[in-house]
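Novice: show me how the following folds:
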Amino acid sequence: MRVLEAVEAPGDTLKFINQIVDFAPDSVSFSFFSWRRVLLSSYDVIHFHWPEHLIRDVRPIRRFVKRSLFRILLARLRLQRLPVVRTVHNVSPHTPGDQEEERLLAALDRQVTEHVVLNECTPRGSDQRATLIRHAHYRDRFEAEPREESIPGRLLFLGRIEPYKGLLELIDTVTYRPAGVNELRIVGKPVPDLVASLSEAIDRGAEAFPISARLTYVTDTDMVKEVTAAEALVLPYREMHNSGVMLVALSLARPVIVPRSCTTTMLAEEVGAGWVIEYDGPLTDQVLADAMDDLRSHDRAIDPVLDTRDWLHVANAYAAVFTSALR
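Specialist: Numbering: from 1, shown residues only. Below is the predicted model of the structure:
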């Protein structure tokens with residue numbers, strides 16, 4: 001069975017796609033996105049993840065070309081009756097698109113054979129076939145990586161930096177010196193629109209509080225060192241639905257401080273007490289201080305419970321979805 005994954009191929013750094021392809025059965029072969037490949041090559045199933053990224057571009061001419069190619073792709077899928085699988089990573093794109101983009105994504109959804117959701121909180125239409133496959137943990141992936149000793153009071157913000165993730169608000173919050181927090185470490189690459197304002201916020205915040213930053217993608221080895229050097233990760237997202245960074249932290253036995261949502265509450269119940277520290281309302285210095293108190297009140301002698309999230313199970317579950325879609 002030939003599956004075309006509508007994302008870039010796995011590389012040197014960790015990506016979600018690794019969970020699907022690294023332990024897939026031998027009966028499944030994969031190819032990865034290029035416009036030539038999706039329009040001209042042969043495949044049995046196509047699998048989308050973040051389709052909005054395929055049709056976005058800041059340059060109007062390139063955006064027009066991408067959307068025209070996407071329309072041709074939709075026509076090919078429809079005329080050849082090719083099965084379409086879509087993993088629903090977010091309820092809606094974090095950065096809203098224009099009306100034309102919304103129409104194209106709606107047209108794609110009408111052609112989806114099977115949806116995959118990563119947690120029970122993802123809304124499902126009454127007419128949608130949806131399979132639950134939980135986001136895998138990374139314990140095996142990081143097993144051989146060197147680790148650091150946790151630094152008390154160090155909070156880490158990790159991952160691709162986008163406006164919805166609330167990093168600018170977090171920087172403002174720590175400048176009030178919340179009790180129990182000694183430093184803020186930031187590791188991740190900001191989207192282009194955020195580079196200037198983020199750099200200014202870090203420089204301004206560092207005058208009042210210890211803040212350090214590494215504003216780029218890092219290798220898995222460096223990521224493990226950054227995570228394990230922290231006492232906890234703080235992820236003040238304005239919308240918290242799915243987060244691979246949470247699974248990275250828990251896989252490395254570091255707690256996370258997150259806004260309360262359906263997803264975080266279910267994850268907290270799954271992994272055990274003291275690993276997912278939820279807060280309500282806007283993030284303030286007092287809210288962050290209370291979260292640190294809560295975090296330190298738990299005995300985390302036992303690692304987070306992540307037994308149902310191994311990579312072999314995830315890969316086999318996806319292979320079953322591809323087979324079902326093809327049938």
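Novice: you'd agree Thr264 is in a helix?
Specialist: Yes - counting by DSSP: H, G, I helix; E, B strand; the rest coil, Thr264 falls inside a helix.
Novice: show the pLDDT at Met223.
Specialist: At Met223, the predicted lDDT confidence score is 96.
Novice: what about it, which helix or strand?
Specialist: For Met223, the element it lies in under DSSP states H and E is helix 220-229.
Novice: quick check: end-to-end length of stretch 218-236?
Specialist: 21 Å (C-alpha to C-alpha, to the nearest Å).
Novice: and that stretch, how far from the chain's centre?
Specialist: 15 Å (C-alpha atoms, centre = their mean, to the nearest Å).
Novice: name the nearest residue to Leu235, ignoring sequence neighbours.
Specialist: Spatial nearest neighbour of Leu235, chain neighbours left out: Val258 (5.1 Å); criterion: C-beta to C-beta, 6 or more residues apart in numbering. Glycine gets a C-beta too; all of them are placed from N, C-alpha and C.
Novice: with Ser243 instead?
Specialist: Spatial nearest neighbour of Ser243, excluding adjacent residues (C-beta to C-beta, 6+ apart): Leu235 at 6.3 Å.
Novice: one step back: for the helix holding Met223, name the packing helices and strands.
Specialist: Applying 3 or more C-beta pairs under 8 Å, 6 or more residues apart in numbering; DSSP states H and E, one finds that helix 220-229 contacts helix 139-142, strand 154-158, strand 183-187, helix 244-251.
Novice: which SS class is the nearest residue to Ser297 once chain neighbours are set aside?
Specialist: Leaving aside its sequence neighbours, Ser297 sits nearest to Gly274 (C-beta to C-beta, 6+ apart; 7.7 Å). State at Gly274, reduced to three classes by three-state DSSP: coil.
Novice: how close does Gly274 sit to Arg141?
Specialist: Separation of Gly274 from Arg141 (C-beta to C-beta, to the nearest Å): 23 Å.
Novice: next: Val187.
Specialist: Going from Val187 to Arg141 by C-beta to C-beta gives 18 Å.
Novice: quick one, which of the two is more surrounded?
Specialist: Neighbour count, other C-beta atoms under 10 Å: between Val187 and Arg141, Val187 has more, with 22 against 18.
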